[in-house]
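Asks: Below is the sequence, then the predicted model.
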Amino acid sequence: MIKPLKQSIKSLSANPVRTVLTTLGIVIGIATVIMVFSAGAGFRSLIDKELDSWGTNTLFIETRVPPTTKNRANNAMSADFSRAASAVTITTFKMRDLESVKKLGNVNNSYGIAVGSAVASYRDSAKNVIYYGQSAERFGIDKHTLAEGRFFTPAEDSGASQVVILGSKIAEDLFGQDEPIGKLLRIGNLNFQVIGVYDVQGSFGGGGAGADDLLYIPLVTAQKKLLGVDYITVGIVELKDASLADQTAEEIKIIMRENHNISNPDKDDFTVTTMAQAMDTFNTIFGGITALLISIAGISLIVGGVGIMNIMYVIVTERTSEVGLKKALGAKNADILNEFLIESVLVTVLGGLIGIVLGALLSWLVYFAAVSNGLSWVFNVPFYAIVIAVSVSGAIGITFGVLPAKNASKLDPIEALRYE
C-alpha cells in the first residue's frame, strides 16, 4: 500500500495546476458545507440569546387577521389600496384582555406593546425611527439592561409621561458624543426627556429594525399622544411554570374569545405562541434553509466528482504505456487498481482539506461581520462538520475514481506497451 501511495503522490505533484483545478469543485462544495454548519451554530446562538432575553417562561399574544377579513380586504384592495390597508387593522386587542389573562393561576405578569414610527430629532440630527409604546411591567420581565439612566415607572406610564429610553445605536446616531440623559428628544411633534439608554442588545426588533435602533416610550403615551389609538398589537405574558405553557395558552385563547365575542376558533383575531412553538417554527425554517444550502453544495460536489472522473480517465490514457510496463514486470490488476484509486482519493481528500480551511476562513469572516454589527454570534466549526467533509470527499474519490481505476487495471499489457 505504501508504494502505490508514493506513486500517487508523485503523479499528483508532477502536474500541480491540473491537480488544483481537479479539486476545485470539491473545495467549493466542502467549503459550503463547513460554512452552512458554522453559520448554523452562530445563528442558533443568536436565536438562543434572543429567546433568553425574552425569558423561556414567556408566551406571545399577537393580533391576527381572520380569513374572512383577509378575503374582504383582498377584494377591497383591487378597488382602493388605502381602504384595504385600513380594513385589515385589528383594533380589538386591548389592555383589558391582558388584565383578564393576569387572573390565570399560571400567569405571573404581562405587558402590552403598540408600535409606531416617526421622525426623531436632536439639534441638527434627525432620523426615521420605530418606537415601542410599552407598559412599565416589561422591565420586570425583559432581561435586557440599561447602560445608563433608569426605566420609566408605572405612574409615568399611566400618566402618559413624555419620557423615552433609547436603543444604543440610535443614542449614538442622534447624540454622538453628547450625554443623552436628561436631554430633550423630539419625536414627531412632541418633546420627550431621555431617561435611559439600553446596553447593546444586538437582537431583532419589530418592523425590520434592530433592537438597538428602537425607541421605548410609555404605552399610554404612545396610544394617546402619538398614535391616537386604544389598542395594542402584541402582548407578552410571563408564566410561573413554563412546563404548563401549552395548557395556559389554551386558557388564554378561551379568555380572548370570550372578550372578543368569538365562537368559531377559525375566526380568531389573535394568535398565542409559546416559546416552544416559536423555537419549532425557527427549527422548521432553519432546517429548510440548511437543506437547500446543503443541496447546492451537493450539486457542487457531484460536479467536482464528475470532473475528477474525467481527469482520471485522462491520466489513465496518458499512463497507458506505464501501466503496460508494470503489468509486464508482474504487477497484478489489483496493484494497478489500488494505485489509481488511491490517486483519486488523494485528490478529493486534498480538496476536502482545502475546503475545510476555506470554509473555516469564510465562517470567521461571517462571524466578524456579525459581531461588528452588534449580533451575538459565535465562531464555531463543529467537529462533526469536519468529519462529514472528509468522509464525503473520500467517498466521492472512491465513487468517481473506481471506473477509471478498473479500466486501467484491465488494460492488456501488450496493447498497453504499444500505445503511444
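Replies: That came in fine, so what should we check first? Residues are numbered from 1 along each chain as shown.
Asks: quick one: Ala160 is in a strand?
Replies: No. With DSSP: H, G, I helix; E, B strand; the rest coil as the criterion, Ala160 is located in coil rather than a strand.
Asks: neighbours around it, how many?
Replies: Using other Cβ atoms under 10 Å, Ala160 has 15 neighbouring residues. Where C-beta positions appear, they are placed from N, C-alpha and C, glycine not excepted.
Asks: Just name the shakiest helix or strand of the protein by mean pLDDT.
Replies: Least confident element among the helices and strands of the chain, by mean pLDDT, DSSP states H and E: helix 81-87 (a mean of 42).
Asks: Report the distance from the very next helix or strand once past it to the chain centre.
Replies: If you walk from helix 81-87 toward the C-terminus, the next helix or strand you reach (DSSP states H and E) is helix 95-101. In terms of Cα atoms, centre = their mean, to the nearest Å, the centre of helix 95-101 is set 33 Å apart from its chain centre.
Asks: What residues does Ala136 make contact with?
Replies: Under the criterion of Cβ atoms under 8 Å, 6 or more residues apart in numbering, the contact list for Ala136 reads Tyr111, Phe151, Phe152, Thr153, Pro154, Glu156, Asp157, Pro218.
Asks: could you redo the last one with a cut-off of 7 Å?
Replies: By Cβ atoms under 7 Å, 6 or more residues apart in numbering, the contact set of Ala136 is Phe152, Thr153, Pro154, Asp157, Pro218.
Asks: and if you look at Ala297?
Replies: Contacts for Ala297 (Cβ under 7 Å, 6+ apart) come out as Gly29, Thr32, Val33, Val36.
Asks: will you turn these into a markdown table that also has distance to Ser135?
Replies: Output for these, formatted as a markdown table (distance: Cβ to Cβ, whole Å):
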| residue | distance to Ser135 |
| --- | --- |
| Gly29 | 52 |
| Thr32 | 46 |
| Val33 | 47 |
| Val36 | 41 |
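Asks: Neighbour-wise, which one of these leads?
Replies: Result: Gly29 is most packed of the contacts of Ala297 (other Cβ under 10 Å), 29 neighbours.
Asks: which secondary structure element contains that residue?
Replies: Gly29 belongs to helix 16-54 when elements are defined using DSSP H and E.
Asks: so when I look at Ile61, I'm seeing a strand, right?
Replies: Yes. Counting by three-state DSSP, Ile61 is found in a strand.
Asks: how near is it to Val101?
Replies: Using Cβ to Cβ, to the nearest Å, one obtains 8 Å as the distance from Ile61 to Val101.
Asks: Kindly point out which residues are neighbours of both of these two.
Replies: Joint contacts of Ile61 and Val101 (Cβ under 7 Å, 6+ apart) are Val237, Ile252.
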